[in-house]
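> Below is the sequence, then the predicted model.
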Amino acid sequence: PDPKHLLYKITPAKDQSDGQLCSIISVASIHRSAHLFPKFGPVAPSEWTSSNILDKCNVYYVNSFTDAHLYQIMV
């Protein structure tokens, strides 16, 4: 985890041409949802919206403090 805030950083997987890799998984493979924070500087870019943030941002932090169970899994 990052030493400043103890959150884990994640980035989308990319192929050789910088395209995002993705897979379709079975719903049975999903154990729980995850709360992601986009990484940004002192001010979030104004062009980011809830509709385009996954395409515009390349680095996220996983919020392990959303509940006690998730915290125990990640720490």
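Ah, there it is.
> Would you mind measuring the gap between the ends of stretch 30-44?
This stretch, stretch 30-44, spans 30 Å end to end (CA to CA, to the nearest Å).
> now that stretch: mean pLDDT?
The average pLDDT within stretch 30-44 is 87.
> just stretch 64-75 next, same as before
Mean predicted confidence for stretch 64-75 is 69.
> try stretch 15-26
Computed over stretch 15-26, the average pLDDT equals 85.
> Distance from the chain centre to it, please.
Put simply, stretch 15-26 sits 15 Å off its chain's centre (CA atoms, centre = their mean, to the nearest Å).
> Equivalent analysis for stretch 56-66, please.
Put simply, stretch 56-66 sits 4 Å off its chain's centre (CA atoms, centre = their mean).
> Could you do stretch 4-15 as well?
Centre-to-centre, stretch 4-15 and its host chain are 6 Å apart (CA atoms, centre = their mean).
> Now T66. Nearest residue, chain neighbours left out?
Distance criterion CB to CB, 6 or more residues apart in numbering; nearest residue to T66, sequence neighbours excluded, is H35 at 4.8 Å. Backbone N, C-alpha and C define where each C-beta goes, glycine included.
> same question but for A34, I mixed them up
Closest to A34 by CB to CB, 6+ apart is V62, at 5.7 Å.
> was I right about that neighbour contacting H35?
Yes: contact criterion CB atoms under 8 Å: V62 and H35 qualify, at 7.3 Å.
> Comparing those two, which residue is more hemmed in?
Neighbour count, other CB atoms under 10 Å: between V62 and H35, V62 has more, with 17 against 13.
> so that one bridges to which residues?
On the basis of DSSP bridges, V62 takes part in beta bridges with Y8, L36.
> ok so, going back, next, the contact list for the residue nearest to T66, please.
For H35, the contact set (CB atoms under 8 Å, 6 or more residues apart in numbering) comprises 62-63, 66.
> I'd like those laid out as JSON lines, including distance to I30.
Output for the contacts of H35, formatted as JSON lines (distance: CB to CB, whole Å):
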{"residue": "V62", "distance to I30": "15"}
{"residue": "N63", "distance to I30": "17"}
{"residue": "T66", "distance to I30": "16"}
